[in-house]
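Colleague: Pasting the sequence and the predicted coordinates here, then a few questions.
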Amino acid sequence: MTKKLCERIVSVIKKFLLSALLVLWLVSFPFAGQTWAQATTSPSATASPTGTASPTSSASPSSSASSSASPTSSASPSSSASPSASPTSSASPSASASPSASPAPTSAPASGDVVTLTKDQKAALDKLLAPAPAASPINSGDTAFMLIAAALVLLMTPGLAFFYGGLVRTRNVLNTMMMSLLLMAVVGVTWVLWGYSLAFDVSAKVADFTFGQGIQQFIGGLDWTFLNGVKFDDVDPVGYAGTIPHAVYMVYQMMFAIITPALISGAIVERMSFKAYFWFILLWSTFAYSPLAHMVWGRGFLGALGALDFAGGTVVHISSGVAAVVAVLVVGARKDFATRPHTPHNVPYVLLGIGLLWFGWFGFNAGSALSAGSVAAVAFVATSVATSAGGLTWLLIEWVLRGKPTAVGIASGFLAGLVGITPAAGFVTPIGAILVGSITAVCCFIAVSLRAKFKFDDSLDTFSVHGVGGTVGAMLTGVFATKAVNLMKDAKGADVPLGLIDGNPGQILVQFYGVATTYVVSAVATFIILKVLQLFMDLRVSPSIEEQGIDLPVHGEEGYGSDFGSGVFASSKSSEG
């Protein structure tokens, strides 16, 4: 009702402005030296598109209907096209004028007179009568929300640097933190050049419920390389996010691509060559991350199967966790792993890191709704309560089984809750989120304990938390996802039951397919990349650098400055290439 009322008001205003403009034009003609043209008032005549009257042209739009009255009827003052017309002049229905005839200087124009418009006047009239442009689909509120969400996700990478940096020994803190920050430099460029296109360029349309065909089931195209066609003033053509600029969606996804390979570094800290790591993350982000992102989020085959991954349980956490295991197997354990303790050197760094991660994770999960609406609220609340449940569960288990609640333990529990809720955040109720966070924390605690028992040198428990947590979270999504908080429609407009509690037990099997596919793709891609790199360079630093610590020999600096400038690293530069 309000829309129709607004349209009627706009129509009345346009007609009023048009009438006023025509009157102003007519008043101005005697002073501008314009020529009058006589025209018939035949109702069957048509107007010339050039603005001049043809011999059969109809009366001016401002003419009264009485202009075709009988010869004895007097023309109303309003029926005259000229403001100076005599109110007593009568209009003959048969009167006509040659289009080239000019009236006598002393005669007033009849009621059917029209005018010749100047170019500027006709342009102004065309502009006034032109249809209103279509409203832009871009919503400023959603755009602002997504820009903030993207910034929050980027903050997670420095948060991860602090978290990992605090867990290693003093002599490797800078190298460990650099392994996270390096991704902000490398992927921040490659995503623009080719990564985004490989992940999301597809010929399918969300609105048509279509998915990629052929090779586009597994990887995107090249049409968006160098951000060709990625606009700042229009939405993406596929329909991923219908209310924000395409460039905003691109940069939001960039932040996910940055942090995912950084997670892998936790498994191979304190021994992997920085040069080899540089090339590894460049290749892995291209040939592992982009295809997986496409399969799940880019209208690929896992999306077509119906696999639910709201914010990256498979794409981010399982992929990085599996890659971590393969990297440990290929690179090997630290030389002193079984003979020396490897305790965290700075627990406050760990706590600062988990604080930044939790804060940024709100952008990670709530931002995955891609608009500031009810689904974003669902994801925000689920993220908060699942994280709290994970930390509480880990704390209680550690307290009961080991007698002391530790700071590193509660931080690990928070992280497990965050990882577990990531694939489920936009699909579960708050109670479901508490269960997901708590169950994931229990599973991750067991995985960390088993890793230590079997002496597997996943240095910072990347697989134990991200791999296991992502797997558990993805499977629990198939259980607790419900249309009560995220109503989805199929191509026929019917409600889609999401998880087991919605009466859709088959979703658990679909989730398993998604998890298994991610394991295979990540494992194979990681193994091939590392083996190819091994043909051209050493994957590890030399034993002497590993013993001394990587910071000084490789980076020429150290975290706390006690030995800087001693020169002990000078003879080891060649070991890094």
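Modeller: Everything's here; your move. Residues are numbered from 1 along each chain as shown.

Colleague: Only C-alpha atoms from now on, for both contacts and neighbour counts.
Modeller: Will do.

Colleague: How about the secondary structure of F211?
Modeller: In three-state terms, and counting by DSSP: H, G, I helix; E, B strand; the rest coil, F211 is coil.

Colleague: Quick check: it vs D234, distance?
Modeller: Using Cα to Cα, to the nearest Å, one obtains 22 Å as the distance from F211 to D234.

Colleague: and the residue nearest in space to the middle of the chain, what element?
Modeller: The chain has Y249 as the residue nearest its centroid, 2.5 Å off, counting by Cα atoms, centre = their mean. Element membership for Y249, per DSSP states H and E: helix 246-264.

Colleague: who's in contact with that helix?
Modeller: Contacts with helix 246-264, where a contact means Cα atoms under 8 Å, 6 or more residues apart in numbering, come from 143, 146-147, 149-150, 153-154, 156-157, 160, 179-181, 183-184, 187-188, 191, 196, 230-236, 241, 281, 284-285, 289, 316-317, 320-321, 323-324, 364, 462.

Colleague: Now a ChimeraX select for only the buried ones of those residues.
Modeller: A single ChimeraX command selects the buried members of the contacts of helix 246-264 (16 or more other Cα atoms under 10 Å):
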select :143,146,147,149,150,153,154,156,157,160,179,180,181,183,184,187,188,191,196,230,234,235,236,241,281,284,285,289,316,317,320,321,323,324,364,462
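
Colleague: Among the contacts of helix 246-264, which ones are in strands?
Modeller: Among those, DSSP state E puts none in strands.

Colleague: What is the neighbour count of G467?
Modeller: Neighbourhood size, G467 [other Cα atoms under 10 Å]: 29.

Colleague: any idea how far it lies from L535?
Modeller: From G467 to L535 the distance is 28 Å (Cα to Cα).

Colleague: likewise G303?
Modeller: Taking Cα to Cα, one finds G303 at 36 Å from L535.

Colleague: distance of A132 from V192?
Modeller: 35 Å.

Colleague: do the same with L129
Modeller: From L129 over to V192 (counting by Cα to Cα), the distance is 43 Å.

Colleague: Check which helices and strands the one helix or strand L174 maps to sits against.
Modeller: Assessed by DSSP H and E, L174 sits inside helix 173-190. Under the contact definition 3 or more Cα pairs under 8 Å, 6 or more residues apart in numbering; DSSP states H and E, helix 173-190 sits against helix 140-167, helix 246-264, helix 274-284.

Colleague: show me where pLDDT drops low in the chain?
Modeller: Low-confidence segments of the chain, defined by pLDDT under 70: 1-8, 10-115, 562-577.

Colleague: rerun at 90
Modeller: Low-confidence segments of the chain, defined by pLDDT under 90: 1-136, 338-342, 490-493, 558, 561-577.

Colleague: who has more neighbours, L129 and V192?
Modeller: V192 (18 against 12).

Colleague: Break down the chain into its strands, ranges please.
Modeller: 36-37, 114-115.

Colleague: Neighbours of the residue nearest to F359 when sequence neighbours are not counted, how many?
Modeller: Spatially, and ignoring its direct neighbours in sequence, F359 is nearest to L152 (7.3 Å; Cα to Cα, 6 or more residues apart in numbering). When neighbours are defined as other Cα under 10 Å, L152 has 23 of them.

Colleague: I'd assumed G360 was in contact with L152.
Modeller: Yes. Between L152 and G360 there is a contact at 4.4 Å, judged by Cα atoms under 8 Å.

Colleague: show me what contacts G506?
Modeller: Here G506 is in contact with 499-500 (criterion: Cα under 8 Å, 6+ apart).

Colleague: could we number from 58 for the rest of this?
Modeller: Noted, 58 is the first residue going forward, which turns the last one into G563.

Colleague: Can you give me the neighbour number for A242?
Modeller: Using other Cα under 10 Å, A242 has 11 other residues around it.

Colleague: ah, wrong one, I meant L174
Modeller: 17.

Colleague: State the phi and psi torsions of it.
Modeller: phi -90, psi 140 (degrees, to the nearest 10).

Colleague: What separation do you get for it and A380?
Modeller: From L174 to A380 the distance is 74 Å (Cα to Cα).

Colleague: re earlier: ok, residues contacting the helix holding L231?
Modeller: For helix 230-247, using Cα under 8 Å, 6+ apart, the contacting residues are 214-215, 217-219, 221-223, 225, 311, 314-316, 318-320, 322-323, 326-327, 331, 334-335, 338-339, 342, 607-608, 612, 615-616.

Colleague: which of those count as buried?
Modeller: Applying 16+ other Cα under 10 Å to the contacts of helix 230-247 flags 214-215, 217-219, 221-223, 225, 311, 314-316, 318-320, 322-323, 326-327, 331, 334, 338, 342, 607-608, 615-616 as buried.

Colleague: residues touching the closest residue to L587 other than its chain neighbours, list them.
Modeller: Nearest non-adjacent residue to L587, counting by Cα to Cα, 6+ apart: F337, 6.9 Å away. Residues near F337 by Cα under 8 Å, 6+ apart: 586-587, 590.

Colleague: closest to T534 among the residues you listed?
Modeller: For those, the residue nearest T534 by Cα to Cα is I586; the value is 31.3 Å.

Colleague: measure the residue nearest to D547 when sequence neighbours are not counted to L544 for me?
Modeller: Leaving aside its chain neighbours, D547 sits nearest to V553 (6.3 Å; criterion: Cα to Cα, 6+ apart). Separation of V553 from L544 (Cα to Cα) stands at 7 Å.
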